[in-house]
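> fold the following and give me the result.
(one chain, ligands or ions: 1)
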Amino acid sequence: MEDQTINSELGRADAKDFGEADALALRKQFAYFRQQDERAAAGKDFSIYLDSAATSQRPDPVLDAEREFITLQNAAVHRGTSNAVGEATNRFENARQLVAQFLGAPEPEYTVVWAAGATDALNTIATGISEATAALSVPALGVPGSERLAIHPGDEIVTTEAEHHANLIPWQRLAARCGAKLLVVPVDETGTWSVAAIREVLNSRTRIVAFTDVSNVTGWRSPAAAVVQSVKQLAPNAVTVLDTCQSVPHVPVNIAATGVDFAVFSGHKMFAPNGIGALVGRTELLAALPPARTGGSAITRVSTDSAEFMPPPLRFEPGTQPVSQVVGLGAAIDFISGLDITRLAAYEHSLVEYLVSEINRLNGVTLLGPADPADRVALAAVNVAGVHAHDVGQVLDSAGVITRVGHHCAQPLHRALGITASVRASVHATNTVAEIDAFIAGLKDAKKYFQV
Ligand SMILES: Cc1ncc(COP(=O)(O)O)c(C=O)c1O
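Residues are numbered from 1 along each chain as shown. The predicted model follows:
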């Protein structure tokens with residue numbers, strides 16, 4: 001009850017800007033942060049969580065929704081005829097509607113397909129296209145219309161050097177399997193690329209253009225709508241794939257307005273459970289995409305030697321579904337919507353502006369990505385000259401500051417920037433200026449300790 005009061009207070013329609021006091025109130029809805037704040041108040045060691053880009057903490061309403069479902073309503077969805085199954089299926093399908101609304105991807109033009117996360121969703125697209133290609137010689141592997149997605153030798157797949165491995169390796173493998181050419185648009189010294197650079201490689205042989213909305217290393221928000229426009233103009237045979245893993249939790253995303261064909265995200269970065277995310281796609285394209293994985297529930301008719309598949313989304317959801325995770329994701333979307341993502345985005349942006357300005361004051365510490373924080377979302381990664389990122393991470397960790405160190409699943413991007421690893425601080429609306437100060441103090445301590 002108390003939590004609901006806080007939430008409605010934070011999310012009231014006439015609410016002013018979200019500020020630090022709101023962030024402190026918001027923390028009260030997370031057992032994780034309550035524990036740390038209580039430890040801090042009691043003068044004990046406590047942690048400062050600056051690793052939301054890797055995974056976010058879950059608020060009580062999300063955990064409560066999962067728990068309530070598991071303890072009181074648990075049933076397999078889309079199977080059987082009992083009332084219990086009907087109710088569970090309604091919750092499961094309602095969450096799908098919530099995702100569609102939250103991301104501006106209305107039916108019937110778009111369909112939301114559950115996936116285990118962004119990685120799974122990207123593999124669903126790439127493997128499905130591979131199956132569509134294989135179906136040119138083995139028709140049983142296709143679905144009606146799948147030839148439109150098939151890749152032919154000499155076709156081109158475009159991605160960028162800034163991608164998370166999840167949005168690179170599936171395309172490498174698809175290109176290798178189908179005899180296509182993978183064109184990787186290079187980044188400049190800021191780790192970003194331009195629409196002009198993408199336009200240079202687009203042509204009628206381009207079949208896929210896959211890129212990230214917000215980089216998990218530079219935090220840069222790419223000009224997605226302009227890329228999609230260019231693809232429509234110069235590469236009419238291509239589908240566009242947008243990795244919205246790092247944007248959906250932090251800034252408003254509107255898939256229809258962007259015009260992208262497929263978008264993917266993971267729930268665990270947006271206050272929701274692990275093991276759930278989605279592939280949101282144009283329904284007509286999903287209808288032509290063969291399933292990457294098959295089994296029960298996804299079919300209409302099966303004989304001992306063949307199967308026919310349901311239309312999307314169920315075609316891509318074989319097996320028993322992660323229902324409590326879906327319910328949790330729906331609760332997370334309600335939670336974020338109740339707070340108003342536009343307000344959260346503005347607050348997080350003010351934190352990132354402060355983070356960038358403090359990093360820029362440090363000698364020997366290089367900020368990855370553009371210096372101007374205008375297009376930066378929720379994170380900043382740095383290289384401390386002369387100190388390995390893991391060593392910096394250890395100093396930060398000993399001060400209780402939890403960050404991500406390493407290549408962040410983006411080795412090509414780090415290599416292009418001339419480094420092997422970096423230290424990343426990422427924020428959510430639960431963070432405060434004092435926590436950023438602690439990160440900056442940790443960087444200074446690392447420099448002092450290693451005498452650089
Ligand atoms: C930009 C980006 N894409 C894809 C992924 C993969 O997400 P998941 O591991 O949840 O599948 C991540 C995870 O860090 C990411 O940051």
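> residues contacting the nearest residue to residue 452 once chain neighbours are set aside?
Excluding the flanking residues, the one nearest residue 452 by Cβ to Cβ, 6 or more residues apart in numbering is residue 386, at 3.9 Å. Bear in mind the C-beta positions are built from the backbone N, C-alpha and C, glycine included. With contact taken as Cβ atoms under 8 Å, 6 or more residues apart in numbering, residue 386 is in contact with 364, 450, 452.
> the last one against residue 387, yeah?
Yes. The pair residue 452 and residue 387 passes the contact test of Cβ atoms under 8 Å, sitting 5.8 Å apart.
> which bits of this protein sit near the ligand?
117-119, 164, 166-167, 212, 216, 243, 245-246, 266 (Cβ under 6 Å from any ligand atom).
> follow-up on the earlier one: can you tell me which of the contacts of residue 386 are buried?
The neighbour-count criterion (16 or more other Cβ atoms under 10 Å) marks none of the contacts of residue 386 as buried.
> nearest to residue 322, of the residues you listed?
residue 450 (44.3 Å; Cβ to Cβ).
> who are the contact partners of the closest one?
Going by Cβ under 8 Å, 6+ apart, the list of residues near residue 450 reads 386-387, 391.
> over to residue 63?
Contacts here follow Cβ under 8 Å, 6+ apart; on that basis residue 63 touches 31, 328.
> that one belongs to a strand, doesn't it?
No. Read with DSSP: H, G, I helix; E, B strand; the rest coil, residue 63 is helix and lies in no strand.
> any idea how far it is from residue 70?
With distances taken as Cβ to Cβ, to the nearest Å, residue 63 is found 11 Å from residue 70.
> one step back: next, format the contacts of residue 386 as TSV and append pLDDT and secondary structure.
Shown next, in TSV, are the contacts of residue 386 (pLDDT from 0 to 100; DSSP: H, G, I helix; E, B strand; the rest coil):
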residue	pLDDT	secondary structure
364	97	coil
450	96	coil
452	94	coil
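> just the ones in strands from the residues of the chain next to the ligand, please.
Judged by DSSP state E, those include 212, 243, 266 as members of strands.
> I'd say the first one and residue 222 touch.
Just to be clear, that refers to residue 212. Yes. Residue 212 is within contact range of residue 222, at 6.4 Å (criterion: Cβ under 8 Å).
> which of those two has more residues huddled nearby?
Of the pair residue 212 and residue 222, residue 212 is the one with more neighbours under other Cβ atoms under 10 Å, namely 30 against 24.
> ok, now which ones touch the more buried one?
Remark: with contacts taken as Cβ under 8 Å, 6+ apart, residue 212 is in contact with 160, 162-164, 167, 222, 242-243, 245-246.
> swap the cut-off to 10 Å and go again
Applying Cβ atoms under 10 Å, 6 or more residues apart in numbering to residue 212 gives the contacts 118, 159-160, 162-164, 166-168, 218, 220-222, 224, 241-247, 264, 410.
> same deal with residue 432?
20-21, 23-24, 27, 48, 351, 438 are the contacts of residue 432 under Cβ under 10 Å, 6+ apart.
> now, of those residues, which are buried?
Looking at these with 16+ other Cβ under 10 Å, the buried ones turn out to be 23, 27, 48, 351, 438.
> quick check: the fourth one touching residue 431?
Meaning residue 351. Yes. Under the contact definition of Cβ atoms under 10 Å, residue 351 touches residue 431, with a separation of 5.9 Å.
> overlap of the contact sets of the two?
Between them, residue 351 and residue 431 have 20, 23, 378, 425 as joint contacts when contacts are counted by Cβ under 10 Å, 6+ apart.
> mind listing which of the contacts of residue 432 are in strands?
Under the assignment DSSP E, these contribute residue 48 to strands.
> pipe the contacts of residue 432 into TSV and attach pLDDT per row.
Listed next are the contacts of residue 432 as TSV, based on pLDDT from 0 to 100:
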residue	pLDDT
20	97
21	97
23	98
24	98
27	98
48	98
351	98
438	98
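> and which of the contacts of residue 432 is nearest the ligand?
Distance from the ligand was checked for each of these by Cβ to the nearest ligand atom. The minimum falls on residue 351, at 18.5 Å.
> list the contacts for the residue nearest to that closest one when sequence neighbours are not counted?
Take residue 351 and drop its neighbours on the chain: the residue closest to it by Cβ to Cβ, 6+ apart is residue 427, 4.9 Å away. Contacts here follow Cβ under 10 Å, 6+ apart; on that basis residue 427 touches 23, 49-53, 219, 250, 347-352, 354-355, 377-380, 435-436, 439.
> phi, psi of residue 427?
For residue 427, the backbone dihedrals are phi -120, psi 160 (criterion: degrees, to the nearest 10).
> likewise for residue 251?
Dihedral angles phi and psi of residue 251 (degrees, to the nearest 10) take the values phi -140, psi 150.
> measure it to residue 115 for me?
Going from residue 251 to residue 115 by Cβ to Cβ gives 21 Å.
> distance from the chain centre to stretch 185-192, please.
21 Å (Cα atoms, centre = their mean, to the nearest Å).
> would you mark the buried spots in it?
185, 187, 191-192.
> of these, just say which sits nearest to the ligand.
residue 191 (13.1 Å).
> pretty sure the closest one sits against residue 416.
Yes. Using Cβ under 10 Å, residue 191 and residue 416 qualify as a contacting pair, with a distance of 7.1 Å.
> circling back: out of the buried residues of stretch 185-192, which two sit at the greatest distance?
Within the buried residues of stretch 185-192, two members stand farthest from each other by Cβ to Cβ: 185 and 191, at 12.4 Å.
> can you give me the domain assignment for this protein?
By the assignment in automatic domain parsing, the chain contains the domains 2-58+341-449, 67-336.
> can you say which of the ones you listed is packed in most?
Each of the domains of the chain was scored by mean neighbour count; the highest is domain 67-336, a mean of 20, by mean count of other Cβ atoms under 10 Å.
> first-to-last residue distance for that one?
Start to finish, the residues bounding domain 67-336 are 19 Å apart (Cα to Cα, to the nearest Å).
> thanks a lot, see you next time.
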